[in-house]
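**Q** Pasting the sequence and the predicted coordinates here, then a few questions.
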Amino acid sequence: MTVGASLSERLLSGDPRAIARAISLVEDESPDGAALIGQIFPQTGRAYLVGITGPPGAGKSTLVDRVITELRKAGRTVGVLAVDPTSPFSGGAILGDRVRMQTHAEDPGVFIRSMATRGHLGGLARTTAEAAIILDAAGYDFVIIETVGVGQDEVDIVRTADVSVVTMVPGTGDEVQALKAGIMEIADIFVVNKADREGADRAAASIEMMLSLDDAMSEGWRAPVMRTEATTGRGVAELIDMIDRFREQSADTLGARRRARAEWRLREILGRRFMQHLEQHVLAPSEFGDWLDRIAAREIDPYAAAATVMGRALGERVSTPPLTVDHVGIAVADVEASLKFFTGVLGLVADEPQDVKGQNTRVRFVNTGDAKLELVESLAPDSPIGKFIAARGPGLHHVALRVSDIHEAMARVVKAGVRMIDQVPRRGAHGSLIAFVHPGDTHGVLVELKQPKSPAEVA
Ligand code: ZN
């Protein structure tokens, strides 16, 4: 990891090329990126993270450029992460970078980077928080995060920034939209941008009114409504003053806010990592899809499916009761004729007949207490049962053992070097999943593993 080490050193010294490289690493979610975050993380927490959000057309980009200029006048350095709703293939993010960089290109106190959302919802790219850590480590006083602002749920910014600035434009009904999108609640500061436009007073007044409605409930900081003209820069210095005031007044709660963010982040990472673990180490290649099919078909509920998969991931066998005999399969020439003996003479009760398409068989289960008898008739000469009868005549055919998790049971069998006839489970009668073990490895007995339709039937 010498490359990583030198990269982190260069990053900590503020080398722009190292910063760009580091952000690319975390954007690609590479292990090197994670290692780098680990190296620099202790050095972070000094930058102030400013989130700027709001609907499209609110002039966020121009406002951010003005904020940069104003911060630089005061000798403060600033890193900017501008989140674009572009796909990584359109090149839009790169073009956005180029246009924005022109104003501040020569200024070493400014670093601007666009990040594509790559389909991530919530207003930010998935790795925006990590990119902010990198800019923090590089020593910028402020890190500005400009969200996509496509009017969707923009809550991610609260989980990333120290202060949330919500921008709006007069005369567009943004306030109402914002209220719907839940942006009002996340705002620490409101900005009516393009305040020279007609309706600016009305927009500001309607925001004030909405704020006063839940004033009674809130205590402490009351979000002020600022006015800016990003094109001329009017009001931008005042906005920065307000950000500083918020920072001062919320100093006591900053720790709690960052801890809440850490909690959200850790939960999110753990959730994602656990899913990766399941997909890579617990579930068979096509198994996740099997679960989805079964849930969609109402054969199992999502909680029971999750419980089974979780149990396996955690190495529990609680969901696997001792094997019980589900049924004994008997090959018969004619199911209905055979009932004369099984129901007529023995007095047992038979279930309704059922055709098993994949097997070309017709079956009737006969109830005998715990285990059943499965009477199987061939519907085609070349079916397995048809061949069995042709070779040996009717009679005992197989023993079915009930399992709660057929994938787990098959894995156990295969691991022990025992061959399966079926490499993947298939549909049996009554929506069950079944798989046959090779009789060559079971002392001549054809063993069927059967996972009933719902786990309730297992118990
Ligand atoms: Zn069977």
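**A** That came through fine.

**Q** the bottom helix or strand of this structure by mean pLDDT?
**A** Ranked by mean pLDDT, DSSP states H and E, the weakest helix or strand in the chain is helix 92-104, scoring a mean of 57.

**Q** Go ahead and confirm V376 touches A333.
**A** No: with contact defined as C-beta atoms under 8 Å, V376 does not count as touching A333 (10.4 Å). From N, CA and C alone the C-beta is placed, and that goes for glycine too.

**Q** Which one of these two is surrounded by more residues?
**A** Higher neighbour count among V376 and A333: V376, with 26 against 12, using other C-beta atoms under 10 Å.

**Q** Give me the local confidence score for that one.
**A** We note a pLDDT of 95 for V376 in this prediction.

**Q** so is it in a helix, a strand, or just coil?
**A** For V376, the assignment made with DSSP: H, G, I helix; E, B strand; the rest coil gives strand.

**Q** Bridged to it, which residues?
**A** A331, V363 (DSSP bridges).

**Q** give me every residue that touches it.
**A** By C-beta atoms under 8 Å, 6 or more residues apart in numbering, the contact set of V376 is 329-332, 335, 361-363, 385, 397.

**Q** could you pick out which of those are near the ion?
**A** Restricting the contacts of V376 to those near the ion by C-beta under 5 Å from the ion leaves G329.

**Q** nearest to the ion, of the contacts of V376?
**A** G329 (4.2 Å; C-beta to the ion).

**Q** now for the helix or strand that the closest one is a member of, which elements pack on it?
**A** Using DSSP states H and E, G329 maps to strand 324-332. With contacts taken as 3 or more C-beta pairs under 8 Å, 6 or more residues apart in numbering; DSSP states H and E, strand 324-332 sits against strand 372-378, helix 384-392, strand 395-402, strand 447-451.

**Q** Given the shortest one, what are its sheet partners and their directions?
**A** Yep, that's strand 447-451 we're talking about. Sheet pairing for strand 447-451, using DSSP bridges, gives strand 395-402 (parallel), strand 433-437 (antiparallel).

**Q** Quick check: the farthest pair among the contacts of V376?
**A** R362 and H397 (13.9 Å; C-beta to C-beta).

**Q** just checking, next helix/strand downstream of the strand holding G329?
**A** helix 335-339.

**Q** Show me what counts as buried in that following helix.
**A** Within helix 335-339, the residues scored as buried using 16 or more other C-beta atoms under 10 Å are 335, 338-339.

**Q** repeat for stretch 379-389
**A** Those would be 383-386, 388-389, for stretch 379-389 by 16+ other C-beta under 10 Å.

**Q** Mind putting these into a markdown table with pLDDT and distance to I19?
**A** Shown next, in a markdown table, are those (pLDDT from 0 to 100; distance: C-beta to C-beta, whole Å):
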| residue | pLDDT | distance to I19 |
| --- | --- | --- |
| S383 | 89 | 68 |
| P384 | 88 | 65 |
| I385 | 92 | 69 |
| G386 | 93 | 71 |
| F388 | 92 | 71 |
| I389 | 93 | 75 |
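
**Q** ok, which residues in the chain are in contact with the ion?
**A** 329, 374, 400, 448.

**Q** Next, count neighbours for the second one.
**A** Using other C-beta under 10 Å, E374 is surrounded by 24 other residues.

**Q** residues contacting it?
**A** 327-330, 363-366, 400, 429.

**Q** swap the cut-off to 10 Å and go again
**A** 326-332, 351, 361, 363-366, 397-398, 400, 428-429, 448 (C-beta atoms under 10 Å, 6 or more residues apart in numbering).

**Q** With the third one instead?
**A** For A400, the residues meeting the contact criterion (C-beta under 10 Å, 6+ apart) are 324-329, 371-372, 374, 428, 432, 434, 436, 446-450.

**Q** hmm, try it at 6 Å
**A** 326-327, 448, 450 (C-beta atoms under 6 Å, 6 or more residues apart in numbering).

**Q** and if you look at the last one?
**A** The contact partners of E448, by C-beta under 6 Å, 6+ apart, come to 398, 400, 434, 436.

**Q** how close does I133 sit to K357?
**A** In this view, I133 and K357 are 56 Å apart by C-beta to C-beta, to the nearest Å.

**Q** Comparing those two, which shows the higher neighbour count?
**A** Shown here are I133 and K357; by other C-beta under 10 Å, I133 has more neighbours (24 against 8).

**Q** how near is the more buried one to I19?
**A** Applying C-beta to C-beta to I133 and I19 gives a distance of 11 Å.

**Q** Burial check on K415, number of neighbours?
**A** Neighbours of K415 (other C-beta under 10 Å): 8.

**Q** Tell me which residues touch it, please.
**A** No contacts exist for K415 under C-beta under 6 Å, 6+ apart.

**Q** Ok, I37 next?
**A** So I37 contacts E130 (C-beta under 6 Å, 6+ apart).

**Q** can you do 10 Å?
**A** 8, 22, 25-26, 44, 127, 129-130, 133-134, 137.

**Q** Could I get the average pLDDT for the one helix or strand S24 maps to?
**A** S24 belongs to helix 16-27 when assigned by DSSP H and E. Mean pLDDT, helix 16-27: 93.

**Q** Could you do stretch 351-359 as well?
**A** 86.

**Q** Now do that stretch: distance to the chain's middle.
**A** With C-alpha atoms, centre = their mean, to the nearest Å as the basis, stretch 351-359 stands 40 Å off its chain's centre.

**Q** Could you break this structure into its assigned domains?
**A** 44-249, 262-313, 324-458 (automatic domain parsing).

**Q** and those, which is most packed in?
**A** Among the domains of the chain, domain 44-249 has the highest mean neighbour count (mean count of other C-beta atoms under 10 Å), at a mean of 19.

**Q** Work out the sheet partners of the following helix or strand past the least confident helix or strand of the chain and label each with its direction, please.
**A** Towards the C-terminus, the helix or strand next in line after helix 92-104, according to DSSP H and E, is strand 110-116. Sheet pairing for strand 110-116, assigned by DSSP bridges, gives strand 78-84 (parallel).

**Q** So which residue is dead centre in the protein?
**A** R272 (6.2 Å; C-alpha atoms, centre = their mean).
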